[in-house]
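Student: predicted model and sequence follow; I will ask about them next.
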Amino acid sequence: MTQQPHLHACPDCDLLQTLPRLESKKRAHCTRCNAVLAEAPPRLPQLSLAAGLCGLILFIPATCLPLLQFTLAGQTGSNTLAEGVLRLWQQDFKLLSLIVLLCSLLAPLMHLLLNTFIALCQHLNYCPPSFSRSIKLGNFMQEWSMLEVYAIGILVAYVKMMDDGEIHILSGSYCLAGLMISLILCAQSFNAEQAWQFWQRRQT
Amino acid sequence: MNAATAKQHGLARCQHCGLLSAMPARDQHHLARCPRCHAHLYFRRHHSLQRSLALCLAAAVLLIPANVLTIMTVVNLGQGVPDTIMSGIIRLWQADLRAIAAVVFIASIVVPIIKIVALLLLMMVVQFRLSLSKQQCTALYRFVHLIGRWSMLDLFMISILVTVVSLGNIATVDTGPAATAFAGAVVLTMLAANSFDPRLIWDLEHHDKH
């Protein structure tokens, strides 16, 4: 099987085309359907690694510290990310609890871990056999990571309960906001093509 | 070279790593692997329309219990108020929380319906060769991908409320059976969007033999 390095096929419409030089523009788009074909390598190659590590550190307080606190008639309740999943499991909504677990905990964590691992490997110029599997799994996890939706969920829950009792946003929510920023930075500065080229260079 | 697809030149783009490589001869199609990442190599996703249609219909069926059954019960001093998705939104609207009501309405009613209708439309475009603008069809496909995850909003809110509002006898929130059905519908529409191959829309232009 021969490879065609100079040609590109659009992922959305399969049109064959040659790419323009990417120095001036940040992205190359498909001439027919405007899909993003390639991105210029990030100006700060370490940003992905830094954002990933920062996100991993923030992940601990974001999942362990309470997000919201609700007080009614002297009784107080609070929640963490993990407790929500656990409570659904206890209420016998096991399938639902697993979906929430995947989208709000497991996928963001795996996405961060794998992206950090990939960035670290490139940084140290070390290529373990699991490198290509990590990129594929990282892509999958990124698709199912829905922490930004969860953050809006916190906001909706907050507004919804405002009239019924006293509700406060606690420190966990601020850590979650920081975690979200790290996740976005990590995803934006991650260049998959660069990682694949690194893998290919080390294979031959 | 212009307006020629990779498939017409016997080239296939790997769905995992994006590498373009030549497809081996026809009798070895099923064995083809990407030379860079060793994923299965193919021109178009196999059985794209069938899979996408099956998942779409299953999601549409699940949306019925999701909207008819109770999704959440707020128990206040022993008195439970069961809510369906729609009655919860109406309650928010009546409590003058209109912005939030609109957000929840869009995320849990409009988005799932738009997704299913849009995917069915795209499948019809491919199957019956409808002459709609291919640019707009592709834009619609990208839009479906973009909005898909936002339907999970209601479910995350429930998972937050069941833990925050667990005040023993004073107030609790219980999940209802509609929540599982709704989660199923959301996941199935996401899988349906993933199994649809947008390149099929553009293949209509080239009169490829299938």
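Tutor: Structure's in. What do you need? Residues are numbered from 1 along each chain as shown, chains lettered A, B, ... in the order given.
Student: could you report the neighbour count for residue A:148?
Tutor: Applying other CB atoms under 10 Å in any protein chain shown, we find 14 residues neighbouring residue A:148. C-beta: built from backbone N, CA, C; applies to glycine.
Student: how about residue B:41?
Tutor: Neighbours of residue B:41 using other CB under 10 Å come to 23.
Student: near the closest residue to it other than its chain neighbours, how many other residues are there?
Tutor: Excluding the flanking residues, the one nearest residue B:41 by CB to CB, 6 or more residues apart in numbering or on different chains is residue B:32, at 4.0 Å. Neighbouring residues of residue B:32 were enumerated by other CB under 10 Å; the total is 20.
Student: can you give me the strands in chain B?
Tutor: Remark: strands assigned in chain B by DSSP state E are B:11-13, B:20-22, B:72-76, B:79-83, B:171-175.
Student: as a quick check, tell me the outermost residue of chain A.
Tutor: Distance to the chain centre peaks in chain A at residue A:73, reaching 39.4 Å (criterion: CA atoms, centre = their mean).
Student: returning to what we had before: highest mean neighbour count out of the strands of chain B?
Tutor: The highest average neighbour count among the strands of chain B, using mean count of other CB atoms under 10 Å in any protein chain shown, belongs to strand B:11-13 at a mean of 23.
Student: hmm, back to that, wait, the residue farthest from the centre of chain A sits on residue B:76?
Tutor: No: with contact defined as CB atoms under 8 Å, residue A:73 does not reach residue B:76; the gap is 10.4 Å.
Student: what touches both of the two?
Tutor: residue B:170 (CB atoms under 8 Å, 6 or more residues apart in numbering or on different chains).
Student: pLDDT score for the closest residue to residue A:138 other than its chain neighbours?
Tutor: Spatial nearest neighbour of residue A:138, excluding adjacent residues (CB to CB, 6+ apart): residue A:114 at 3.6 Å. On pLDDT, residue A:114 comes in at 92.
Student: now name the helix or strand holding residue A:114.
Tutor: Assigned by DSSP states H and E, residue A:114 falls within helix A:107-124.
Student: how far off centre is that helix?
Tutor: 10 Å (CA atoms, centre = their mean, to the nearest Å).
Student: by contact count, what packs against it?
Tutor: helix A:47-64, helix A:131-144, helix A:171-188, helix A:192-203 (3 or more CB pairs under 8 Å, 6 or more residues apart in numbering or on different chains; DSSP states H and E).
Student: can I get those helices in JSON lines including mean pLDDT and mean neighbour count?
Tutor: Formatted as JSON lines, the helices and strands packed on helix A:107-124 follow (pLDDT from 0 to 100; neighbours: other CB atoms under 10 Å in any protein chain shown):
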{"stretch": "helix A:47-64", "mean pLDDT": "91", "mean neighbour count": "20"}
{"stretch": "helix A:131-144", "mean pLDDT": "89", "mean neighbour count": "18"}
{"stretch": "helix A:171-188", "mean pLDDT": "90", "mean neighbour count": "18"}
{"stretch": "helix A:192-203", "mean pLDDT": "84", "mean neighbour count": "16"}
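Student: by contact count, what packs against the longest helix anywhere in chain B?
Tutor: Criterion DSSP state H: the longest helix present in chain B is helix B:48-68. The contact analysis (3+ CB pairs under 8 Å, 6+ apart) places helix B:48-68 against helix B:85-94, helix B:111-128, helix B:177-195.
Student: distance of residue A:59 from residue A:183?
Tutor: Here the criterion is CB to CB, to the nearest Å. By it, residue A:59 lies 9 Å from residue A:183.
Student: sorry, slip of the keys, the one I care about is residue A:126.
Tutor: As for residue A:126, its distance to residue A:183 is 25 Å (criterion: CB to CB).
Student: please tell me how far the host helix or strand of residue A:160 is from the chain's geometric centre.
Tutor: Assigned by DSSP H and E, residue A:160 falls within helix A:147-161. Counting by CA atoms, centre = their mean, helix A:147-161 is centred 18 Å from the centre of its parent chain.
Student: what strands flank the next helix or strand after that helix, and is each parallel or antiparallel?
Tutor: Downstream of helix A:147-161, the first helix or strand assigned by DSSP H and E is strand A:166-169. Strand A:166-169 has the following strand partners under DSSP bridges: strand A:68-72 (antiparallel).
Student: quick one: residue A:69 and residue B:165 touch, right?
Tutor: No: with contact defined as CB under 8 Å, residue A:69 does not count as touching residue B:165 (11.0 Å).
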